[in-house]
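> Quick one: sequence and predicted model below, then my questions.
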Amino acid sequence: MKVKMKGALAALFLITAGLSLAEEAPVYSVVKAEKIRARAGIGNFMRKIRQGEEVVVAYLGGSITAANGWRPKTTAWLREQYPQATFKEVNAAIGGTGSDLGVFRLEHDALRHAPDLLFVEFAVNDGGASPESIWRGMEGIVRQTWRKNAATDIVFTYTVASGMTNDLIRGECPRSASAMEMLADFYGIPSVNFAVPVVDLMQAGKLVFTADAQPAGDVIWFAADSCHPRDAGHNIYRDLMAAALTQMAESQPVDHKSKLERTFVADNWEAAKMVPLTAGMLQGEWRMLGDDEGLQKNFGHRMGRLWMAEKPGSRLSFKFRGAVAQVYDIVGPDGGQVTVTVNGKALKKPLPRFDSYCTYHRIATLGLVSGANTGEVHEVAVEIHPEQPDRRSVSHRLKDPERELAAPKYQGTRVWMSSLLLLGDLVN
């Protein structure tokens, strides 16, 4: 039997059937910058502290959180403030990454440690992203967290880069933080805006953002560059976080599960996941790195098991049904380049696993499929190209480019891969 319904009758049917209605697409607007918005608070976290239990605090973010700064300083403050509880810190931060990677690696880097409190810091690294992109990633992080454990409390934290200060001087959150604040309002997530006290001190003449040498008097030299705080800058972040946690200390426990009944954006990335590569996906001469090898030692705790190949023609192939597929890989000075084929159609140019920063190896992602129909099956192949990428883009970082680029360090067609990042599912 087919039933046709319109308007209010259809809505009533969905509600009584226990289904959530699709939300209207949000319209981005600038949000006033405030130091602390407590919203629903951190009651679940505080209850465990008051009971003297072991408490797990996870920090998901970029290089500002990865640094030996506000993250360990905040954990140290918690231990001093609440000696009756035991605190375990989970450092889930990776430099140079935003919420678009964070949503895929959340389970591996944070949720598997069963955090009671999750800090999320991506305002600087998401600074160039559209609000729509930020909402997809950040809402995916929120919903994955509460789907895993509805008692986990979340706090959004907003760090600052020099290019964001003009917005803050006007009393406004920069675009990335404004987008995150709209999402935080929807879900009742507390937020702590580290940028506000920094700009307040700047305007009072008590802080310079960056400098070539220590300013005279008691003026704080905040950052070593455009965004990374020096120790005094991290102390500002820590002090505001301590004030925020103190303000929320009397929060009441909340079961966040009911908040999952509605979505902020319908196309959020709650389903994003990491899928480790298997030998069956690899053709040609691939080798699984051992525990004692340098890149596995350096990156395995983040990426899982790494596979390496350098012979042209070696390939990764898989099928998946979904909207997004990427490879979680490494770029470096001896990185090669790959050809990518999707559904029988090859990209016009090979994609280098090398860029202008590659004087060293670092974590990266290789985009393969984006924005596809979620119901379609896609066949994907990634194959090592026989030619090395052009490495001249790194020349400005070298003392003697001609000599150094001819050295073995900058030779090779190597690729290193660990996982697929999927919004969808593999198909046999």
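Received the coordinates, thanks. Numbering: from 1, shown residues only.
> now for the single longest strand found in the chain, which elements pack on it?
What stands out as the longest strand in the chain, according to DSSP state E, is strand 315-331. When contacts are defined as 3 or more CB pairs under 8 Å, 6 or more residues apart in numbering; DSSP states H and E, strand 315-331 packs onto helix 99-109, strand 282-283, helix 294-303, strand 362-369, strand 377-384, strand 415-426. Placement of C-beta: from N, CA and C, glycine included.
> right, so the ones you listed: which one is the most enclosed?
Greatest average neighbour count among the helices and strands packed on strand 315-331 goes to helix 99-109 (a mean of 25), per mean count of other CB atoms under 10 Å.
> Give the next helix or strand downstream of it.
On the C-terminal side of helix 99-109, the nearest following helix or strand under DSSP states H and E is strand 117-121.
> report the angle between the axes of that next one and helix 99-109?
Using axes from the mean of the first three to the mean of the last three CA atoms, to 10 degrees, the inter-axis angle of strand 117-121 relative to helix 99-109 is 150 degrees.
> Export only the CA atoms of the helix or strand following strand 117-121, formatted as PDB.
Toward the C-terminus, strand 117-121 is succeeded by helix 131-148 as the next helix or strand (DSSP H and E). Extracted as PDB, the C-alpha positions of helix 131-148 are listed here (Å, rounded to 0.1, in the frame of the first residue of the first chain):
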ATOM      1  CA  PRO A 131      31.200  27.200   7.200                       C
ATOM      2  CA  GLU A 132      29.500  24.300   5.400                       C
ATOM      3  CA  SER A 133      32.800  22.300   5.400                       C
ATOM      4  CA  ILE A 134      33.400  23.100   9.100                       C
ATOM      5  CA  TRP A 135      29.900  22.000  10.000                       C
ATOM      6  CA  ARG A 136      30.200  18.700   8.300                       C
ATOM      7  CA  GLY A 137      33.500  17.800  10.100                       C
ATOM      8  CA  MET A 138      32.800  19.300  13.500                       C
ATOM      9  CA  GLU A 139      29.200  17.900  13.700                       C
ATOM     10  CA  GLY A 140      30.600  14.500  12.700                       C
ATOM     11  CA  ILE A 141      33.100  14.800  15.600                       C
ATOM     12  CA  VAL A 142      30.300  15.600  18.000                       C
ATOM     13  CA  ARG A 143      27.900  12.900  16.800                       C
ATOM     14  CA  GLN A 144      30.600  10.200  16.700                       C
ATOM     15  CA  THR A 145      31.600  11.100  20.200                       C
ATOM     16  CA  TRP A 146      28.100  10.900  21.700                       C
ATOM     17  CA  ARG A 147      27.100   7.800  19.600                       C
ATOM     18  CA  LYS A 148      30.100   6.100  21.200                       C
END
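> ok, the helix or strand that helix 131-148 is followed by: who's next to it in the sheet?
Heading C-terminal from helix 131-148, the first helix or strand you meet, by DSSP H and E, is strand 153-158. For strand 153-158, the pairing partners within the sheet under DSSP bridges are strand 117-121 (parallel), strand 191-193 (parallel).
> Quick one, which of those gets closest to N373.
Distances from N373 to each of the strands paired with strand 153-158 were compared by CB to CB, and the smallest falls on strand 117-121, at 29.6 Å.
> any idea of the mean pLDDT for the closest one?
Along strand 117-121, the predicted local confidence has a mean pLDDT of 98.
> Run a quick neighbour tally on K311.
Other residues near K311 number 13, with proximity taken as other CB atoms under 10 Å.
> quick one: which of the strands paired with strand 153-158 is nearest L426?
With CB to CB, the closest approach to L426 among the strands paired with strand 153-158 belongs to strand 117-121: 27.7 Å.
> right, and the helix or strand after the worst-scoring helix or strand of the chain on mean pLDDT?
The helix or strand with the lowest mean pLDDT-type score in the chain, counting by mean pLDDT, DSSP states H and E, is helix 7-16 (a mean of 35). Helices and strands here follow DSSP H and E; after helix 7-16, the next one along the chain is strand 36-37.
> counting contacts, what elements does that following strand pack onto?
When contacts are defined as 3+ CB pairs under 8 Å, 6+ apart, strand 36-37 packs onto strand 191-193, helix 231-247.
> how about stretch 71-85: buried residues?
Neighbour-count burial for stretch 71-85, with 16 or more other CB atoms under 10 Å as criterion, is recorded at 71, 73-75, 77-78, 82, 85.
> Identify, from those residues, the entry nearest to R315.
Compare each of the buried residues of stretch 71-85 with R315 using CB to CB and the shortest gap goes to R71, at 39.4 Å.
> quick one: that closest one and Y328, what's the gap?
In this structure, R71 lies at 23 Å from Y328, with CB to CB, to the nearest Å as the measure.
> Report the angle between the longest strand of the chain and strand 377-384.
Following the same axes, to 10 degrees, one obtains 60 degrees for the angle between strand 315-331 and strand 377-384.
> Can you tell me the strand partners of the helix or strand that strand 315-331 is followed by and which way each runs?
Using DSSP H and E, the helix or strand that directly follows strand 315-331 along the chain is strand 337-342. Under the criterion DSSP bridges, strand 337-342 sits next to strand 345-346 (antiparallel), strand 351-352 (antiparallel), strand 377-384 (antiparallel) in its sheet.
> most packed of the helices and strands packed on strand 36-37?
Neighbour counts (mean count of other CB under 10 Å) averaged over each of the helices and strands packed on strand 36-37 peak at strand 191-193, with a mean of 26.
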